[in-house]
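Trainee: Build me a model:
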Amino acid sequence: MVAKTRQTDNLQRTFLSSDSSVIAMILSVLASAFGVQSHKNYERDFNSGQIAGYIIIGIIFVALLVVSLALLVHFILN
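Mentor: Okay, here's the model as predicted:
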């Protein structure tokens, strides 16, 4: 498990140039939504000072989730 965490951290460092990039925010919101956010990343997010970006991405994620579930139910029932 520790090796997998290190591998994920290395992958994030490779693809992300800064901790406040949009990709880092998206990954952080997804990790939080699925309950797998590390405490280190949680602290980084709250200390970044860019709360508006996280809120906007979170709202978009929830809207997409609701729309996709509604479409799935619609196709199953028809």
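Trainee: In this structure, what residue spans correspond to strands?
Mentor: Across the chain, reading from the start of the chain, there are no strands by DSSP state E.
Trainee: So which bits of the lengthiest helix in it are buried?
Mentor: The helix spanning the most residues in the chain, taking DSSP state H as the definition, is helix 51-77. Under the neighbour-count criterion of 16 or more other Cβ atoms under 10 Å, helix 51-77 has Gly53, Tyr54, Ile57, Gly58 buried. C-betas here are computed from N, CA, C, even on glycine.
Trainee: For that helix, what does the pLDDT average out to?
Mentor: Throughout helix 51-77, pLDDT has a mean value of 94.
Trainee: Would you pull up how far it lies from the middle of the chain?
Mentor: Once both centres are worked out by Cα atoms, centre = their mean, to the nearest Å, helix 51-77 turns out to sit 13 Å from its chain's centre.
Trainee: now stretch 41-48
Mentor: Here stretch 41-48 shows a centroid-to-chain-centroid distance of 13 Å under the convention Cα atoms, centre = their mean.
Trainee: Give the buried residues for that stretch.
Mentor: Residues of stretch 41-48 classed as buried: Asn41, Asp45, Ser48 (neighbour count, 16+ other Cβ under 10 Å).
Trainee: ok, these vs Leu65, which is closest?
Mentor: Within these, the smallest distance to Leu65 is 19.8 Å, found for Asp45 (Cβ to Cβ).
Trainee: got a pLDDT number for the closest one?
Mentor: So Asp45 comes in at 81 (pLDDT).
Trainee: Report the separation between the closest residue to it other than its chain neighbours and Val62.
Mentor: Ranked by Cβ to Cβ, 6 or more residues apart in numbering and with sequence neighbours excluded, the top spatial neighbour of Asp45 is Ser28, at 5.3 Å. Shown here: Ser28 relative to Val62, a distance of 15 Å by Cβ to Cβ, to the nearest Å.
Trainee: try Arg44
Mentor: Noted for Arg44: a distance of 22 Å to Val62, by Cβ to Cβ.
Trainee: Same question for Val73.
Mentor: When Cβ to Cβ is applied, the distance between Val73 and Val62 equals 17 Å.
Trainee: And Gly53, by the same measure?
Mentor: Separation of Gly53 from Val62 (Cβ to Cβ): 15 Å.
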